[in-house]
Structure formats: structure tokens, C-alpha cells
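Novice: could you work out the structure for the sequence below:
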Amino acid sequence: MLSVRNLQSAYGASQVLFDVGLEIGEGEVVTLLGRNGMGKTTTVRSLMGLLSPKAGEISFDGRPLKGNTPEAIARCGIGLVPEGRQVFPTLTVRENLVATAANRLGRASPWTLERVYGLFPRLQERAGQSARTLSGGEQQMLAVGRALMTNPKLLILDEATEGLAPVIRAEIWRCLEALKAQGQSILLIDKNIAVLKRLADRHYIIEKGRTVWSGSSAELAAQAEMVHRYVGV
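Specialist: Next comes the predicted model:
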């Protein structure tokens, strides 16, 4: 579904990505791992057209994405839950969910308000509240729900549970497990290796803007020393 090869990106004269490659198949959950500052968010920004890559190839469903606008890339079927959530603070929960809702790919059973509320009952309880009044965890649920309302073929979550209370983290993981069971393709960035090994099918590790390792959860579990070297604090 998604193929990234030899991706290079920079902010002005400062190059961040030198050689990033990854692939995601239909229905797969794939992680992007690495310490802070290694290029994970820059990779996401490059995939979404928020940063124009210097070189490399990005294709989605066989179509090249490099050079497209973020709006065009989103319409191709990629939904983003950005780092820091970035919900619309002055809109209500319901307004956030319907603001960008669409079923451009013509899914037979699209995501609706009712389905999102079923996944996150707290959002239904707070449907009329402005997003700025929600807790951080509730805003993360809202960001996930908003992305799902675009009915994406691929869902990208950048720092899925960063800064959240343990009980909220558990709810986010429950949500992602449910989405995987429904066949949703997901690219996931997070630091909770134990959960990621259980949830994801495959993993990529980035070090200083380069993909340095890839493998299955079983292979990741067998590489404790390597994981500590590239991912540990």
C-alpha cells in the first residue's frame, strides 16, 4: 500500500533524513521507532506533504505522492493523528469530528459519528463541549476519531500515547487493537516497545535520518541489545 524508498528531507540547509525506507501492506500495523530527534516526525511530515522531500520515492496504492499537497495526499486515503493532537480548540467535539468527514473511497461501512462514539464513549458524553475544555487524553481520542471520520485506508499516529495518563494510554491501545482487528492499516510512532511488540506486525528503526533495521515483532523481541542501542533512553 505505502512504499517509501531512499527518502531525503531537510529544513532549509539542515538535512534531517538521509535514507529512509519503509513499506506498509494492506491491513498491517507497522511502527517507526527511534530516539527523539532521529527523524520520525520529519518522515511523517514528508509523507503527508507538509515538508517537501529533497529526494527519494513515496508511493501509495501505486501512485506517487511526492510533490502533492497535504490536501491531495489526505484525499488519497491517508489520515493523520499529529504529534500534539492539534484539534480545533474553538469547535465542539462534534464539530471537530464532522469538519473534515468524508467517504471519498466509497466504503460500504464508513466511519460515522455513531461508530466513533462507540469506540470512544467519552466523546459522546462531551459532544457539545469545545475541544479546548477536554483533557489531553480526551483530545487524543478526538484526534483519532477525527482522522477516522475521513475513512482513511492508512492511519498514521505520531506519538500515539505521549504524555497521557496510564488509564488513557490503555484506552488508546484498546482502540488501536480494535482497529487492527477490523483490518485498518496503521503506521504508528510510540515509545512503549512492550505494547508495540504485541500490537504491530513489523517495525522500522530510524537512527540519524536513516533506516537502520527492520523486522517482525518476534525478531524485535530477540534483539534486546540492539533495541536498547537505538531506542533506549
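Novice: going forward, measure contacts and count neighbours with C-alpha atoms only.
Specialist: Noted.
Novice: contacts for the helix or strand of the chain with the lowest mean pLDDT next, please.
Specialist: When the helices and strands of the chain are scored by mean pLDDT, DSSP states H and E, helix 224-230 comes last with a mean of 90. Residues outside helix 224-230 that contact it (C-alpha atoms under 8 Å, 6 or more residues apart in numbering): 34, 35, 205, 206, 207, 220.
Novice: next structured bit after the longest helix seen in the chain?
Specialist: In the chain, taking DSSP state H as the definition, the longest helix is helix 166-181. Using DSSP states H and E, the helix or strand that follows helix 166-181 towards the C-terminus is strand 185-189.
Novice: so which residues make contact with that next one?
Specialist: The contact list for strand 185-189, computed with C-alpha under 8 Å, 6+ apart, reads 24-33, 40, 153-160, 180.
Novice: helices or strands up against the longest helix of the chain?
Specialist: helix 136-148 (3 or more C-alpha pairs under 8 Å, 6 or more residues apart in numbering; DSSP states H and E).
Novice: compute the inter-axis angle for the helix it packs on and helix 166-181.
Specialist: 20 degrees (axes from the mean of the first three to the mean of the last three C-alpha atoms, to 10 degrees).
Novice: who touches helix 136-148?
Specialist: If you take C-alpha under 8 Å, 6+ apart as the criterion, helix 136-148 is touched by 79-82, 85-87, 93, 96-98, 100-101, 111, 116, 120, 122-123, 131, 155, 160, 164-165, 168-169, 172.
Novice: ok, back up a step: in the least confident helix or strand of the chain, what counts as buried?
Specialist: Neighbour counts using 16 or more other C-alpha atoms under 10 Å place 227, 230 of helix 224-230 among the buried residues.
Novice: show me where the protein has strands.
Specialist: With strands called from DSSP state E, the chain shows them at 2-11, 14-24, 29-33, 55-60, 63-64, 78-81, 154-158, 185-189, 202-207, 210-216.
Novice: dump those strands to TSV, plus mean pLDDT and mean neighbour count.
Specialist: Below are the strands of the chain laid out as TSV (pLDDT from 0 to 100; neighbours: other C-alpha atoms under 10 Å):
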stretch	mean pLDDT	mean neighbour count
strand 2-11	97	19
strand 14-24	97	19
strand 29-33	97	26
strand 55-60	96	18
strand 63-64	94	14
strand 78-81	95	24
strand 154-158	96	24
strand 185-189	97	23
strand 202-207	97	22
strand 210-216	96	17
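Novice: need those in CSV with distance to residue 146, can you?
Specialist: Converted to CSV, the strands of the chain look like this (distance: least, C-alpha to C-alpha, whole Å):
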stretch, distance to residue 146
strand 2-11, 21
strand 14-24, 22
strand 29-33, 19
strand 55-60, 21
strand 63-64, 25
strand 78-81, 8
strand 154-158, 11
strand 185-189, 15
strand 202-207, 26
strand 210-216, 30
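Novice: quick one, which of those is nearest to residue 135?
Specialist: Proximity to residue 135 (C-alpha to C-alpha) singles out strand 78-81 among those, at 16.4 Å.
Novice: partners of the closest one, with directions?
Specialist: strand 154-158 (parallel) (DSSP bridges).
Novice: and the angle for the strand it pairs with with strand 29-33?
Specialist: Using the same axes, to 10 degrees: strand 154-158 against strand 29-33 is 30 degrees.
Novice: so what's the gap between strand 154-158 and the chain middle?
Specialist: Relative to the chain's own centre, strand 154-158 is displaced by 2 Å; criterion: C-alpha atoms, centre = their mean, to the nearest Å.
Novice: could you list the low-pLDDT ranges of this protein?
Specialist: Residues of the chain that meet the criterion pLDDT under 70 lie in 233.
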